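Okay, predicted coordinates and the sequence, questions at the end:
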Amino acid sequence: MADKNQHSNRPLRRPKSIAVLGTMSDAGKSIIAAGICRILSNQGVQVAPFKAQNMSNNASPALLPQKDRRKRLYDTFHEAVGSSSKEATNSPLSAIEQQGYGEIGTAQALQAEACRLVPRVEMNPLLLKSGGRNDEGEFLCSVMVLGKQIVRETYGKLGKRTSSLKKMVLQSYKELGKATEADVIVLEGAGSCTELNLMDRDIVNLPLVRAIDCSWLLVANIDCGGVFAQVVGTKACLSEEDWSSCAGVIVNKLRGDAKYFEPGPKMLEKMIGKPVFVVPYLYNLNLPEEDGVGIERRLAREHSDSGSSHKGGTPLVVVVAYPHTAIADDLCPLENDPRFCVQWRRSNIPKPYPHTMAVVLPGSRLTRLDLQWLHNSGWAQFLQKHAAAGGVVLGICGGYQMMGLTIEDPTALEGSTGARDALGLLPVETTIQPIECKVVRPQRGRLYPSKIPIDGFELHCGRSEIVKSLGRSRTQEIHPILVLDSGRPEGMVSGNVKGTYVHGVLRSSKARAELLIPDRKQFPVVSDESEDTLDPLDRLASHLEDCGLTYGVLRRMMKK
């Protein structure tokens, strides 16, 4: 249970902060930070999340600042990185100012939800999206500054510039406090907080903690083993001053009951001089994971998945994990739905329908490269055979684009110009548009014709249009996948082949059954009555409180 002490609603002149740092990537920082946000919010605290720099291909829409503050923040960015960034800018400010939404990491959007706030781009001022190579074969990174892509360059060049962006990060932190009137800002770090060779350009971990002058929690991942070495090693790498501001250690992802770690907590506390909180793994939480780590973990099981591995004969849904998969958390609700057996595949192509009920093509960071991979790997032939046999193919965003006839990139946004043959499953042609035309907006509507409500968002650079010249025989059986609240039809359905630009289309239990089961009479699927019984963020908050991270404890951790 949470402490009974209630927070006064009197706004503070300067928000307090607490940072959640980690011993490694995938320690669970994002989820812990979200849980802390909800604990504070449940006590009436006006709280906001902040992550200075995130590297993820999972993104969500977020409100842009007001124009005057937006210009001030962008001027700070250009001042930091120099005039060369203006020459490389793909998204002119004049175009940016016409749009109300940018994009931030999905983790920060989730944390905003935990705070009961609308996501804002100041919550994640720098978002790095990997994908593609330059002519020299060097890996490229798209740099999203306050929700919009400003420059695309190599990691080497970006690393040299990172430390100069500290002023812009601090300005974003201050602007976030003003915009949300936050009493508390919960910061999230990135990777390990003790990468000593990178400390001089670190703007998201301890250097930021020092600049803000706040306390911090260290999250360690016991599921990977070596938790004592993780924590003690982190302490050994830090100065006494940095370690003195650490308020405690969270031993995260313990499998089983916390008693199995005894007397570990007291041993660790004696070694480091800090309180230790043990947080057992919380199953079926149905919250998104870090994208790259989560996909690779799922793929580790693909060669052990066989035709006999269905859970009690439940329908098999295969998700194609192409190399540049993006916004993979679209599949999180489906993976936690006991009515389906979900398998991620990359090299292990399954048998087509009726062995495989449905195939999902998720979003893509580089659609044309992933389309080429589908053709070269044998997946394209499988998908055509599967659809012809009566199986479902559902494409979301980039997956929808791949299902058409062609994808053209006239401005070489994805690396080269020209048209590329797509899968030919839907009578649409897609044109990749310049980055300043990128569509980023929340979206609501209803599936057609069932009227099942859908609540999601669009985030894409492509424009897809029906090819009417194919004749009535090819186009007469198509209809939109949903009708938006604005009245505009969206996406396309042709038999059991379905495509949409709307992320979040699988959040609804009823929508999952309608979209993924080709014949409801032949394959009856019972209604999933378990969803929406308890907000997973409230469940997470209660779990952390049971582990000792109560409101009172968190309040005492924060510097006055």
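That came in fine, so what should we check first?

can you give me the helices in the stretch 301-450 of the chain?
Per DSSP state H, counting those that start in this stretch, the stretch 301-450 of the chain carries helices over the ranges 332-335, 367-377, 379-388, 398-402.

which stretches of the stretch 51-200 of the chain have low pLDDT?
66-99, 163 (pLDDT under 70).

Run through the helices of it in chain order.
Under the criterion DSSP H, counting those that start in this stretch, helices of the stretch 51-200 of the chain are mapped to 67-81, 84-88, 93-96, 106-114, 155-162, 166-180.

Pipe the helices of the stretch 301-450 of the chain into a markdown table and attach mean neighbour count, distance to residue 195 and mean pLDDT per row.
The C-beta positions use only the backbone N, C-alpha and C, and glycine is treated the same way. Below are the helices of the stretch 301-450 of the chain laid out as a markdown table (neighbours: other C-beta atoms under 10 Å; distance: least, C-beta to C-beta, whole Å; pLDDT from 0 to 100):
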| stretch | mean neighbour count | distance to residue 195 | mean pLDDT |
| --- | --- | --- | --- |
| helix 332-335 | 20 | 29 | 90 |
| helix 367-377 | 20 | 30 | 95 |
| helix 379-388 | 20 | 37 | 96 |
| helix 398-402 | 30 | 32 | 96 |
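
of all those, which lies closest to residue 266?
Taking C-beta to C-beta as the measure, the helices of the stretch 301-450 of the chain were each checked against residue 266, and helix 332-335 came out nearest at 36.4 Å.

If you count contacts, what does the closest one end up packed against?
Applying 3 or more C-beta pairs under 8 Å, 6 or more residues apart in numbering; DSSP states H and E, we find helix 332-335 packed against helix 509-516.

And the average pLDDT for the helix it packs on is what?
Taken as a whole, helix 509-516 carries a mean pLDDT of 93.

Return the alpha-carbon coordinates of it using PDB.
In PDB, the C-alpha atoms belonging to helix 509-516 read as follows (Å, rounded to 0.1, in the frame of the first residue of the first chain):
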ATOM      1  CA  SER A 509      -9.200  -7.700 -27.900                       C
ATOM      2  CA  LYS A 510     -12.100  -7.600 -30.300                       C
ATOM      3  CA  ALA A 511     -10.000  -6.000 -33.100                       C
ATOM      4  CA  ARG A 512      -7.400  -8.700 -32.800                       C
ATOM      5  CA  ALA A 513      -9.900 -11.500 -33.300                       C
ATOM      6  CA  GLU A 514     -11.600  -9.700 -36.300                       C
ATOM      7  CA  LEU A 515      -8.300  -8.800 -38.000                       C
ATOM      8  CA  LEU A 516      -6.400 -12.100 -37.500                       C
END
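
buried stuff in it?
Of the residues in helix 509-516, 509, 511-513, 515-516 count as buried by neighbour count, 16 or more other C-beta atoms under 10 Å.

Would you convert the helices of the stretch 301-450 of the chain into JSON lines that also reports distance to residue 224?
Below are those laid out as JSON lines (distance: least, C-beta to C-beta, whole Å):
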{"stretch": "helix 332-335", "distance to residue 224": "21"}
{"stretch": "helix 367-377", "distance to residue 224": "30"}
{"stretch": "helix 379-388", "distance to residue 224": "32"}
{"stretch": "helix 398-402", "distance to residue 224": "32"}
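
Of those helices, which is nearest residue 541?
helix 332-335 (18.8 Å).

Dump the buried residues of helix 509-516 to JSON lines, plus distance to residue 440.
Supplementary listing: these in JSON lines, determined by distance: C-beta to C-beta, whole Å:
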{"residue": "509", "distance to residue 440": "27"}
{"residue": "511", "distance to residue 440": "22"}
{"residue": "512", "distance to residue 440": "25"}
{"residue": "513", "distance to residue 440": "29"}
{"residue": "515", "distance to residue 440": "24"}
{"residue": "516", "distance to residue 440": "27"}
